[in-house]
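# how would this look folded up:
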Amino acid sequence: MALNLVTGYKGRDHITAEQWADFNRGIFGEAAILPVGNKMAVAIQTANQITVKDGVAVFDGREVYIGYGESENITIQSGTQGMQRRDIVVVKYTRNEETGVEEVAFEVVNGLPASSNPEDPVYQNTDIRTGVFVSQKPFCRVRINGTAIEGIDMLVAEKKFKTVAFTGNYNDLSNRPALKAVATSGSYNDLTNKPASLPAEGGNAATVGGKNTETLQNYNNLTNKPKLGSAASQGVANNFTTNTAGYVADARTVKQLKDGLSAKIVSESGNISFKDGGNGESYGYITIPSGYEMLAVYMQEVSGNVKLRCKGFNKNAGTGGYTVWLDFAINSNVFMHWIYAKI
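Residues are numbered from 1 along each chain as shown. Sure thing, here's the model as predicted:
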């Protein structure tokens, strides 16, 4: 079976390094240095030595690690006076062809000296996931000028995770949307898109701007009013008997109807005994309660019986039972599912 459950209990050791590596690769990509410790920073020690500090990196999902307080020294071949060279430090992955044991180690791939514009050497950067036995993952470039190390270029980017503000101040957020200003002084005059006029003293005045309060209190006479949908002017029906146009159903009524329908539809399953009926067919019997009608019958997939298919079913008069047909001759139990409803 190609599909496997990885993060689940199986009663035995079953999670493989390959599965875990694929999970890491989906999160971190092909290569990344994680924000842990000194992030595998590289420092120049002498003309012939660099040091990689502690941290964690991931290559094709394989996690490599230098523990806290530890570091690793790497020897660099001496340069030539008047010449330049580019060396590539790689993380060399190997898998033993006989035992399958996997290992990693730093390795220096030397470039060719040149008087100017030296080129990077060729290295074997193959996808570990394909099952290779050796792969060289580029880690950093060492630039050598004469007999000195001129500089180091990291070839693996740090995986940076987005941060969020924890101060409670909206202005601390990055990429925040531009919000429109609203009135905060409590003055009606600070509002934008406000109606041209309102009834004076909360609607107690006789007229405002030549309009009486009855006119102003009519929704249709308001300016800048929102556009309402057609449902806003409909009545609400909270029963199952209303059949007049101009009403919308109460949500509680709709739920009650749905619950009632769900209670009338039944799904069952179990082993059904089938017998050879001739002509390359088999038949079995399913009985359902009185007052119900069969809606559908389908079968559980049976490994190896790729030709076994449910052909159909028919009701047996006066018995409340149904005959189910398979389009394959068989004399055994088959796990079936059937759905029936109260009519």
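# And the helices in the chain?
17-28, 213-216, 251-264 (DSSP state H).
# and the last one, how far out from the chain's middle?
Mean-position distance between helix 251-264 and its chain equals 33 Å (CA atoms, centre = their mean, to the nearest Å).
# For that helix, give me every contacting residue.
By CB atoms under 8 Å, 6 or more residues apart in numbering, the list of residues contacting helix 251-264 from outside reads A237, N238, N239, F240, A341, K342. (Glycine included, C-beta is placed from N, CA and C.)
# can you do 6 Å?
With contact meaning CB atoms under 6 Å, 6 or more residues apart in numbering, helix 251-264 is reached by N238, A341, K342.
# now the second one: how far from A317?
A341 sits 19 Å away from A317 when distances are taken as CB to CB, to the nearest Å.
# Those two: which has the busier surroundings?
More crowded of A341 and A317, by other CB atoms under 10 Å: A341, with 15 against 7.
# Return the distance of the closest residue to that one other than its chain neighbours relative to C140.
Nearest non-adjacent residue to A341, counting by CB to CB, 6 or more residues apart in numbering: I265, 4.8 Å away. Noted for I265: a distance of 65 Å to C140, by CB to CB.
# Then P118?
16 Å.
# rewinding a little: with neighbour numbers in mind, choose between I265 and C140.
A direct count of neighbours by other CB under 10 Å for I265 and C140 places C140 higher, at 19 against 12.
# which residues does the more buried one contact?
C140 touches V42, V89, I152, M154, L155, counting by CB under 6 Å, 6+ apart.
# From I88, how far out is the closest residue to the last one other than its chain neighbours?
Meaning L155. The spatial neighbour of L155 that comes closest, neighbours along the chain excluded (CB to CB, 6+ apart), is P138 at 4.3 Å. With distances taken as CB to CB, P138 is found 6 Å from I88.
# Burial check on the nearest residue to I149 once chain neighbours are set aside, number of neighbours?
Counting by CB to CB, 6+ apart, I44 is the residue found nearest to I149 once chain neighbours are left out, at 5.0 Å. Using other CB under 10 Å, the number of residues around I44 comes to 15.
# can you check K225 too?
10.
# Please state the backbone phi and psi of it?
Dihedral pair for K225: phi -80, psi 150, per degrees, to the nearest 10.
# Show the pLDDT at L179.
At L179, the model reports a pLDDT of 70.
# What is the burial count for it?
L179 has 7 nearby residues by other CB under 10 Å.
# circling back: the helices of the chain: lowest mean pLDDT?
helix 213-216 (a mean of 63).
# Can you pull out the low-pLDDT segments for this protein?
163-168, 180-190, 195-217, 219, 231-232, 260-263, 300-308, 318-320 (pLDDT under 70).
# Kindly provide the distance from L295 to L257.
Applying CB to CB to L295 and L257 gives a distance of 19 Å.
# could I get the helices of the chain as CSV with distance to I288 and mean neighbour count?
Putting the helices of the chain into CSV (distance: least, CB to CB, whole Å; neighbours: other CB atoms under 10 Å) gives the following:
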stretch, distance to I288, mean neighbour count
helix 17-28, 45, 14
helix 213-216, 66, 14
helix 251-264, 13, 11
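# how about the ones you listed, which one is nearest V52?
Among these, helix 17-28 comes nearest to V52, with 18.8 Å by CB to CB.
# ok, residues contacting the closest one?
Against helix 17-28 from outside (CB under 6 Å, 6+ apart): V6, V58, G61, R62, K159.
# gap between the first one and G61?
Read it as V6. 13 Å.
# Between those two, which is the more surrounded one?
Counted by other CB under 10 Å, V6 and G61 do not tie: G61 has more neighbours, with 22 against 12.
# List the buried residues in stretch 131-144.
By neighbour count on 16 or more other CB atoms under 10 Å, the buried set for stretch 131-144 is S135, Q136, K137, P138, F139, C140, R141, V142, R143, I144.
# Now, these that are in strands?
S135, Q136, K137, P138, F139, C140, R141, V142, R143, I144 (DSSP state E).
# Please render these as JSON lines that adds distance to E30 to the earlier fields.
Converted to JSON lines, these look like this (distance: CB to CB, whole Å):
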{"residue": "S135", "distance to E30": "11"}
{"residue": "Q136", "distance to E30": "14"}
{"residue": "K137", "distance to E30": "9"}
{"residue": "P138", "distance to E30": "11"}
{"residue": "F139", "distance to E30": "13"}
{"residue": "C140", "distance to E30": "16"}
{"residue": "R141", "distance to E30": "18"}
{"residue": "V142", "distance to E30": "22"}
{"residue": "R143", "distance to E30": "24"}
{"residue": "I144", "distance to E30": "27"}
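# Closest to S290 out of those?
Proximity of those to S290 was ranked by CB to CB; the top entry is S135 with 69.8 Å.
# is the closest one in a bridge, and if so with what?
With DSSP bridges applied, the residues forming beta bridges to S135 are Y93.
# If I follow the layout properly, it ends up in contact with I128?
Yes - taking CB atoms under 6 Å as the definition, S135 is a contact partner of I128 at 5.3 Å.
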